[in-house]
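Peer 1: what's the 3D shape of this:
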Amino acid sequence: KKIIVLGENKVKVETVKDSKTSNNLPVEYKSKGYMGIVGATLGTTQGVSIINGYRFSPHFYLGFETGIKALMLLDGEPAIPLNLYFMSEFSKKRVAMFADLRAGMLSVFDEDYFTPEVSLTLGVRNRFRKNPNKAMWYGINFGYPTGISAQISFSF
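Peer 2: Next up is the predicted model:
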């Protein structure tokens with residue numbers, strides 16, 4: 001935008017930056033819809049998982065988790081998690097705290113049984129600046145029977 005200021009026999013033209021130009025537009029934060037998460041766990045449990053679900057608001061997400069885990073507490077036995085996954089973010093800012101809760105069953109390969117699994121993760125989410133719907137999540141996971149592990153995930 002240009003502002004013209006008229007004075008005594010003078011014309012002054014000033015250029016003012018508009019906050020709504022294409023370079024300065026804020027990127028829209030998608031608060032509802034599908035979100036997938038791919039994660040890795042390292043510690044007393046090692047493994048990878050995939051979570052698919054629905055974001056109901058900027059603060060709540062519900063999904064289903066599956067993947068493969070090696071449980072060091074069960075002598076390194078591989079297992080498949082089948083969990084209901086609930087996550088809450090505490091802010092819409094680019095960097096925010098989050099907590100997630102997993103509850104379900106672990107199917108152990110060599111044994112023909114399911115064992116209950118419950119875990120809680122506390123951590124930090126960092127959305128990527130160019131695409132705020134994609135983010136990196138990292139935190140500490142406390143679980144039964146999985147123990148304590150570090151977790152890193154990426155959402156898409």
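Peer 1: in the chain, which spans are strands?
Peer 2: In the chain, the strands defined using DSSP state E lie at 2-7, 10-15, 33-43, 45-55, 60-71, 77-89, 95-108, 113-127, 135-144, 147-155.
Peer 1: confidence-wise, which of these is weakest overall?
Peer 2: Across the strands of the chain, strand 10-15 has the smallest mean pLDDT, namely a mean of 52.
Peer 1: in a markdown table: the strands of the chain, plus mean neighbour count.
Peer 2: The C-beta positions use only the backbone N, C-alpha and C, and glycine is treated the same way. A markdown table is the format used below for these (neighbours: other CB atoms under 10 Å):
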| stretch | mean neighbour count |
| --- | --- |
| strand 2-7 | 8 |
| strand 10-15 | 8 |
| strand 33-43 | 16 |
| strand 45-55 | 18 |
| strand 60-71 | 17 |
| strand 77-89 | 18 |
| strand 95-108 | 17 |
| strand 113-127 | 16 |
| strand 135-144 | 17 |
| strand 147-155 | 17 |
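Peer 1: what sits against residue 115?
Peer 2: 79, 105, 106, 108, 145 (CB atoms under 8 Å, 6 or more residues apart in numbering).
Peer 1: what's the most distant pair in the residues you listed?
Peer 2: Using CB to CB, the two most remote members of the contacts of residue 115 are 105 and 145, lying 11.3 Å apart.
Peer 1: shared neighbours of these two, anything?
Peer 2: 115, 117.
Peer 1: residue 82 and residue 104: what is the separation?
Peer 2: 5 Å (CB to CB, to the nearest Å).
Peer 1: which residues do those two both contact?
Peer 2: Common neighbours of residue 82 and residue 104 (criterion: CB under 8 Å, 6+ apart): residue 65.
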